[in-house]
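A.B. asks: kindly generate the corresponding structure for this input.
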Amino acid sequence: MNLERLVSAALTVCAIAIASALVHREFQTTRVRATPSAAQPPVKKLEWREALVAGTLIGEASAPIQVVEFADFECPFCKRFHESFEAVKEKIGPQVALSFVHFPLPMHRFARPAARSSECAREAGQFGTMASLLFRKQDSLGLKSWQSFAAEAGVRDSAGFAACVSGTATQPRVEAGLTVGEKFGVRSTPTVIINGWQYDVPPTRAVLESDIRALLAGKEPTGVKAAAK
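C.D. replies: Okay, the predicted model is just below:
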């Protein structure tokens, strides 16, 4: 009996150790892909407006500050940046707009289905609401139906949404986002571009607001000035 208990305890410890190792490895893999190890100052991309075409605009096309966000709905760092953007936009107002560009990462199981659901919501005029909801309830991806997300986002044509989200054809905007992302050297999410300045590491809420205000004043982002010293 004692021997059986010892064997059972040993197997339990091994199982826990293996599970912990797998979780740690997955977290580290996601973190490496999602956030480069060292923050670099933003780099100017002269052709940056090409990314706007692949994105879905949230805000006004005439806004003096245009933010491009290459994002994955299952990425926790994307959730954090999107929340920061919404907070900054609430403070600064219509002078800031965002173009959301799909860049679902291959290791995220629900990234592509979530991207598809957001595109189906876009057809119903609810992309911005759906995108915010998917990030806000990121822990429910795979647990809550896309139809439930859509209903909460205000999509009224439930039958049309259901047909769209269950379709098997590729979503042109998702594929366009991946293509443009590769052209811009996107290797992690979120990759952010603000008026042509590309950040491989997403700016914090404080930096985001500071750099947007600097650009509104006709100046360069603070990180560029700091790196030049």
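A.B. asks: rest of the way, CA atoms for contacts and neighbours
C.D. replies: Will do.
A.B. asks: pLDDT at the residue nearest the centre of the chain, what is it?
C.D. replies: To find the centre residue of the chain, average its C-alpha atoms and take the closest one (C-alpha atoms, centre = their mean): that gives Ala71, at 2.8 Å. You'll see Ala71 listed with a pLDDT of 97.
A.B. asks: pLDDT score assigned to the closest residue to Met130 other than its chain neighbours?
C.D. replies: Distances taken as C-alpha to C-alpha, 6 or more residues apart in numbering place Ala153 nearest to Met130, at 5.3 Å, with adjacent residues excluded. As summarised for this prediction, Ala153 has a pLDDT of 96.
A.B. asks: what does Ala38 give?
C.D. replies: Each residue has a pLDDT score; the one for Ala38 is 48.
A.B. asks: cool, Thr168 as well?
C.D. replies: Here, the pLDDT recorded for Thr168 equals 84.
A.B. asks: quick one, phi psi at it?
C.D. replies: Per-residue torsions, Thr168: phi -110, psi -10 (degrees, to the nearest 10).
A.B. asks: burial measure for it, as a count.
C.D. replies: Residue neighbour count, defined by other C-alpha atoms under 10 Å, stands at 7 for Thr168.
A.B. asks: show me where this protein has its helices.
C.D. replies: Here the chain has its helices, by DSSP state H, at 2-34, 49-54, 76-92, 111-123, 127-136, 146-153, 158-165, 172-183, 205-216, 222-228.
A.B. asks: so which elements touch the shortest one?
C.D. replies: Applying 3 or more C-alpha pairs under 8 Å, 6 or more residues apart in numbering; DSSP states H and E, we find helix 49-54 packed against strand 96-102, helix 172-183.
A.B. asks: can you rerun that using 7 Å?
C.D. replies: With contacts defined as 3 or more C-alpha pairs under 7 Å, 6 or more residues apart in numbering; DSSP states H and E, helix 49-54 has these neighbours: helix 172-183.
A.B. asks: what mean pLDDT does the helix it packs on get?
C.D. replies: Within the predicted structure, the mean pLDDT of helix 172-183 is 95.
A.B. asks: which strands and helices lie in contact with it?
C.D. replies: Counting by 3+ C-alpha pairs under 7 Å, 6+ apart, helix 172-183 packs on helix 49-54, strand 96-102.
A.B. asks: could you list the domains of this protein?
C.D. replies: As assigned by automatic domain parsing, the chain contains the domains 1-34, 43-228.
A.B. asks: pick the most buried one from those domains.
C.D. replies: The highest mean neighbour count among the domains of the chain, using mean count of other C-alpha atoms under 10 Å, belongs to domain 43-228: a mean of 18.
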